[in-house]
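K.L.:
sequence and computational prediction follow.
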Amino acid sequence: MIWGGISTRLRTPLYHLVGNLTGLRYQNEILQALVVLALQAIGPRAILQDDNAPPHRSAAVNTFIQQARVNRMLWPANSPDLNPIEHMWDELCRRVQQHHPPPANLGQLLQWLQQEWNGVPRAFIFNLIHSMRQRCVECLAHNGGHTRY
């Protein structure tokens with residue numbers, strides 16, 4: 001599994017997670033090691049948008065987020081996935097396939113993923129994030145059904 005975070009000001013390094021993601025691993029390896037630092041760099045108005053995956057909503061993670069004073073976007077259960085990061089993953093996949101032959105091994109794939117992740121233009125990420133308002137408007141207009149996003 002690969003994890004990464006984006007904002008209009010920065011992007012985290014990609015993180016390769018070997019094995020299953022648990023609440024404790026999400027807290028220690030992702031939130032504590034990457035997210036909190038990124039949010040602090042962004043500033044006091046930074047907001048974490050994650051989804052309702054069980055590891056993201058464990059009691060330990062919720063306690064950690066409160067103690068770390070992380071602003072977290074409320075995300076309703078069973079909601080459409082409007083997260084801009086999904087489009088970033090699509091772009092990353094396209095870029096790797098477009099610029100590289102099939103990887104010879106996992107290490108090479110991870111290297112290319114990080115290279116292409118760093119190469120995605122800031123304007124692309126900025127547009128993804130600033131499309132959130134329109135994503136929500138369209139989702140509401142379609143009663144939670146399919147949108148162009």
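P.N.:
Perfect, I can see it now.
K.L.:
work out the gap between stretch 49-64 and the centre of the chain.
P.N.:
With Cα atoms, centre = their mean, to the nearest Å as the basis, stretch 49-64 stands 14 Å off its chain's centre.
K.L.:
and if you look at stretch 114-128?
P.N.:
With Cα atoms, centre = their mean, you get 13 Å for stretch 114-128.
K.L.:
and that stretch, what's its mean pLDDT?
P.N.:
Across stretch 114-128, the average pLDDT comes to 96.
K.L.:
list of residues touching that stretch?
P.N.:
Identification of contacts with stretch 114-128 by Cβ atoms under 8 Å, 6 or more residues apart in numbering yields 4, 6-8, 11, 13-14, 84, 87-88, 91-92, 95-96, 99. Where C-beta positions appear, they are placed from N, C-alpha and C, glycine not excepted.
K.L.:
mind redoing it with 7 Å?
P.N.:
Identification of contacts with stretch 114-128 by Cβ atoms under 7 Å, 6 or more residues apart in numbering yields 4, 6, 8, 11, 13-14, 84, 87-88, 91-92, 95-96, 99.
K.L.:
in stretch 40-54, what counts as buried?
P.N.:
Judged by neighbour count (16 or more other Cβ atoms under 10 Å), stretch 40-54 contains these buried residues: 46, 48-50.
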